[in-house]
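*Asks:* Turn this into a structure:
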Amino acid sequence: MHWENMDLDTILKRISKIEEKLLKLKIEILPEEIPKDEGFGEISEEEIDKYYKELKNKDFWGTEEELFKLLDE
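*Replies:* Numbering: from 1, shown residues only. As a prediction, the model looks like this:
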């Protein structure tokens, strides 16, 4: 059936179904499982807590003088 022979309601219904049909095609074409990014590893709650405690430690940051020395390098 050609577009010029359809009424406006029929055309709008077909257009509204295009997104649904594209999504179905995308699901068929793409792999079922997206491979995991190997650039970053999983971080456990314990590791996060450990890093947080290190950051809260004032000795971790050093002195203001040491900071400016690092920034100058």
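*Asks:* State the mean pLDDT of the lengthiest helix in the chain.
*Replies:* When the chain is parsed with DSSP state H, its longest helix is helix 8-29. For helix 8-29, the mean pLDDT works out to 85.
*Asks:* do stretch 41-59 as well
*Replies:* Throughout stretch 41-59, pLDDT has a mean value of 86.
*Asks:* do you know how far the residue lying farthest from the centre of the chain is from Ile11?
*Replies:* For the chain, the residue at maximal distance from the C-alpha centroid (C-alpha atoms, centre = their mean) is Asn5, at 44.2 Å. Distance, Asn5 to Ile11, by C-beta to C-beta, to the nearest Å: 10 Å. Just so you know, the C-beta spots here come from the backbone N, C-alpha and C atoms, and that holds for glycine as well.
*Asks:* Check which residues of stretch 47-62 are buried.
*Replies:* Buried residues in stretch 47-62, counting neighbours by 16 or more other C-beta atoms under 10 Å, are absent.
*Asks:* Restricting to C-alpha, output it in CSV.
*Replies:* C-alpha atoms of stretch 47-62 as CSV (Å, rounded to 0.1, in the frame of the first residue of the first chain):
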residue,chain,number,x,y,z
GLU,A,47,38.7,-1.5,49.1
ILE,A,48,36.5,1.6,48.9
ASP,A,49,36.5,1.9,52.7
LYS,A,50,40.3,1.4,52.8
TYR,A,51,40.8,4.2,50.2
TYR,A,52,38.4,6.5,52.0
LYS,A,53,40.2,6.0,55.3
GLU,A,54,43.6,6.8,53.6
LEU,A,55,42.1,10.0,52.2
LYS,A,56,40.8,11.0,55.6
ASN,A,57,44.2,10.6,57.1
LYS,A,58,45.9,14.0,57.4
ASP,A,59,49.4,12.4,57.1
PHE,A,60,48.4,11.0,53.6
TRP,A,61,48.2,14.6,52.3
GLY,A,62,51.5,15.8,53.7
